[in-house]
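Engineer: take a look and give me a structure for this.
(one chain, ligands or ions: 1)
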Amino acid sequence: MNMKIKKNDNVKMLAGKDRDKTGKVLRVFPQERKVIVEGLNIVKKHSRPRKEGEKGQRVEVPRKITVSNVLLICPKCGKGTRVGFKVTEQDKHRVCKKCGAEI
Ligand SMILES: [Zn+2]
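Structural biologist: Below you'll find the model as predicted:
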């Protein structure tokens, strides 16, 4: 399946408590059409102490976000944009729908 969002893209969150925040895509899950974005959709988990006498730690873990809830930020024009595709014989490029730049 073709994902419009790729690893290392900068995206903007469109919904939820992190609405309008931006972050870098760390992982993509094409099967689920979900992404994990640095600093977005964070849940705090408590990890159990590994050794006796040690305190449990709070760790912050980014949860998966449905791709339709994020918008790609175009590296050329800096705007949040939907992604189009430009298909050539050899390749398929992503194109910013705002400025037309290949991404
Ligand atoms: Zn653009």
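Engineer: can I assume Arg50 sits in a helix?
Structural biologist: No: the assignment for Arg50 is coil, going by DSSP: H, G, I helix; E, B strand; the rest coil, so no helix is present there.
Engineer: state the pLDDT value of the residue lying closest to Pro62 once chain neighbours are set aside.
Structural biologist: Leaving out its chain neighbours, the residue that sits closest to Pro62 by C-beta to C-beta, 6 or more residues apart in numbering is Ile36, at 5.1 Å. All C-beta spots, glycine's among them, are computed from the backbone N, C-alpha and C. At Ile36, the predicted lDDT confidence score is 97.
Engineer: equivalent analysis for the one 5 residues further on, please.
Structural biologist: On the pLDDT scale, Asn41 is placed at 96.
Engineer: what's the answer for Lys55, then?
Structural biologist: 80.
Engineer: next, it: phi, psi?
Structural biologist: phi -90, psi 150 (degrees, to the nearest 10).
Engineer: wait, what's in contact with it?
Structural biologist: Pro49 (C-beta atoms under 8 Å, 6 or more residues apart in numbering).
Engineer: distance of it relative to the ion?
Structural biologist: 47 Å (C-beta to the ion, to the nearest Å).
Engineer: Glu89 now?
Structural biologist: Look at Glu89 and the ion: by C-beta to the ion, they are 24 Å apart.
Engineer: tell me what Val95 is bridged to.
Structural biologist: Gly84, Glu102 (DSSP bridges).
Engineer: near the ion, which residues of this protein?
Structural biologist: Contact residues, the chain versus the ion (C-beta under 5 Å from the ion): 74, 76-77, 96, 98-99, 101.
Engineer: just put those in JSON lines and tack on pLDDT, distance to Asp18 and neighbour count.
Structural biologist: Converted to JSON lines, these look like this (pLDDT from 0 to 100; distance: C-beta to C-beta, whole Å; neighbours: other C-beta atoms under 10 Å):
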{"residue": "Cys74", "pLDDT": "97", "distance to Asp18": "20", "neighbour count": "23"}
{"residue": "Lys76", "pLDDT": "96", "distance to Asp18": "24", "neighbour count": "13"}
{"residue": "Cys77", "pLDDT": "97", "distance to Asp18": "23", "neighbour count": "13"}
{"residue": "Cys96", "pLDDT": "96", "distance to Asp18": "23", "neighbour count": "20"}
{"residue": "Lys98", "pLDDT": "95", "distance to Asp18": "22", "neighbour count": "14"}
{"residue": "Cys99", "pLDDT": "97", "distance to Asp18": "26", "neighbour count": "13"}
{"residue": "Ala101", "pLDDT": "95", "distance to Asp18": "26", "neighbour count": "14"}
